[in-house]
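> What follows is a predicted structure for the sequence shown.
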Amino acid sequence: MTDFTIRNITLAIWLVCSNHWQLIVTSLSLPFIAMFLFAFAISGTYENVLVIPLADLALLFFQAFIALITHRVTLIPETVPKFGLRNFGSRELFFFAYFIGIFGSISILQFLLSRAGAALLTLPIAIWLLSRFSLCLPGIAIGDFVSIKGSWKLTRPHQGIMLMVVLIFPLVIALCTTPFIILVPASIFLLEPVATVITVMAISIAYAHIRPVGKNEVSNS
């Protein structure tokens, strides 16, 4: 990808999907099915205030699993087993810790801002922080460790495009899928992880442009 633009990122996503669609389907089938069944099972319990945080944490775990496999399929497809993960080691633990830590921290910050009467700031701040922290995840997923500080450095010259990556793809997908969700509410359990996959692919491709796989020129310290 010569130019770092939304158009070229979109084209790169299309190439990944067309070249590796079988691997995408097989490697993500188990977490998709597990997430769908879990979400469907708890869909009638969301009125219970005790269930909500536990259910959200479990769904975040499923999203992390999907994101981990998607990063690898996008960046290093030749290493991905047919059904996603062959083992679960320290690299996977690091990924899950960072994924849940980043999204959990952003959620807590959003809650605190809304409680402080600054609800209008919650979404812009969340999107901006995600755009700056997100390069940790593809790096860790492929074994090229990138810390929070390293991601902050890497994204500094590319803040505008990274904001568009984490904003435009989810927004476009939401606009396209909303009619289906209105007609068939249960479809959200399938369409939400699909949106995650496409957004994660976009972040992976951004990572490959900013920090080519195998290059470690940016310090994490």
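Perfect, thanks for sending it.

> alpha carbons only for contacts and neighbour counts from here, please
OK.

> So Leu83, which state does it fall into?
Actually, residue 83 is Phe rather than Leu. Under the three-state scheme (DSSP: H, G, I helix; E, B strand; the rest coil), the conformation of Phe83 reads as coil.

> shaky segments in the protein?
Across the chain, the stretches falling below the confidence threshold (pLDDT under 70) are 1-2, 43-52, 119, 186-187, 213-221.

> One more pass at 90, please.
Low-confidence segments of the chain, defined by pLDDT under 90, span residues 1-6, 31-63, 82-91, 100-101, 103-126, 144-147, 168-196, 211-221.

> Spatially central residue for it, please.
For the chain, the residue whose C-alpha lies nearest the mean C-alpha position (CA atoms, centre = their mean) is Val200; its distance is 4.3 Å.

> so what does the host helix or strand of that one touch, helix or strand wise?
According to DSSP states H and E, Val200 maps onto helix 188-210. Based on contacts counted as 3 or more CA pairs under 8 Å, 6 or more residues apart in numbering; DSSP states H and E, the elements that helix 188-210 packs against are helix 6-19, helix 21-42, helix 51-75, helix 136-141, helix 159-183.

> Dump those helices into JSON lines; add distance to Pro124 and mean neighbour count as well.
Written out in JSON lines, the entries for the helices and strands packed on helix 188-210 read as follows (distance: least, CA to CA, whole Å; neighbours: other CA atoms under 10 Å):
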{"stretch": "helix 6-19", "distance to Pro124": "20", "mean neighbour count": "15"}
{"stretch": "helix 21-42", "distance to Pro124": "27", "mean neighbour count": "16"}
{"stretch": "helix 51-75", "distance to Pro124": "21", "mean neighbour count": "20"}
{"stretch": "helix 136-141", "distance to Pro124": "20", "mean neighbour count": "26"}
{"stretch": "helix 159-183", "distance to Pro124": "10", "mean neighbour count": "15"}
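
> Adding distance to Ser151, write the ones you listed out as JSON lines.
Supplementary listing: the helices and strands packed on helix 188-210 in JSON lines, determined by distance: least, CA to CA, whole Å:
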{"stretch": "helix 6-19", "distance to Ser151": "19"}
{"stretch": "helix 21-42", "distance to Ser151": "26"}
{"stretch": "helix 51-75", "distance to Ser151": "16"}
{"stretch": "helix 136-141", "distance to Ser151": "6"}
{"stretch": "helix 159-183", "distance to Ser151": "11"}
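
> So for Leu123, which of those sits nearest?
Shortest distance between Leu123 and the helices and strands packed on helix 188-210, using CA to CA, is found for helix 159-183: 10.4 Å.

> could you give the angle of the closest one to helix 188-210?
Inter-element angle recorded for helix 159-183 and helix 188-210: 160 degrees (by axes from the mean of the first three to the mean of the last three CA atoms, to 10 degrees).
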